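Engineer: only geometry, no sequence info:
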């Protein structure tokens with residue numbers, strides 16, 4: 001589960017390369033996923049590493065491993081929820097009213 005955001009990026013890069021030249025809307029969506037995925041690696045990789053270290057520690061120290069996995073999962077949920085909220089808020093917000101004489 002921790003590797004799913006990185007897997008999405010790995011799968012969407014070849015798909016974007018194939019679909020981008022066709023001029024379809026799906027190509028634009030895939031390019032946007034790639035953009036968010038590449039810039040999101042700054043957050044995704046550390047969160048993924050925390051969750052993977054926690055999963056590896058589950059056999060030796062169950063409570064500590066469970067705590068690390070929970071921390072990594074909660075951090076990922078918060079980051080991706082904030083990203084989704086920002087995208088939706090920007091999409092549904094009304095355009096700025098501008099003075100036509102300025």
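Structural biologist: Perfect, thanks for sending it. Since we're looking at a predicted model, the values are computed, not measured. Numbering: from 1, shown residues only.
Engineer: Per-residue pLDDT of residue 102, please?
Structural biologist: On the pLDDT scale, residue 102 is placed at 67.
Engineer: same question, residue 98
Structural biologist: At residue 98, the pLDDT recorded in the model is 74.
Engineer: So it: helix, strand or coil?
Structural biologist: Assigned state for residue 98: coil (three-state reduction, DSSP: H, G, I helix; E, B strand; the rest coil).
Engineer: And for residue 94?
Structural biologist: Once three-state DSSP is applied, residue 94 turns out coil.
Engineer: mind listing the helices in the protein by residue range?
Structural biologist: Applying DSSP state H to the chain gives helices spanning 4-19, 25-57, 62-92.
Engineer: could you check the angle helix 62-92 makes with the shortest one?
Structural biologist: Relative orientation of helix 4-19 versus helix 62-92 (axes from the mean of the first three to the mean of the last three CA atoms, to 10 degrees): 40 degrees.
Engineer: Tell me the helices and strands packed up against helix 4-19.
Structural biologist: Helix 4-19 sits against helix 25-57, with contacts defined as 3 or more CB pairs under 8 Å, 6 or more residues apart in numbering; DSSP states H and E. For glycine as for every other residue, the C-beta is placed from the backbone atoms N, C-alpha and C.
Engineer: Of all the residues in the helix it packs on, which ones are buried?
Structural biologist: 27, 30-31, 33-34, 36-37, 40, 43-44, 47-48, 50-51, 54-55, 57 (16 or more other CB atoms under 10 Å).
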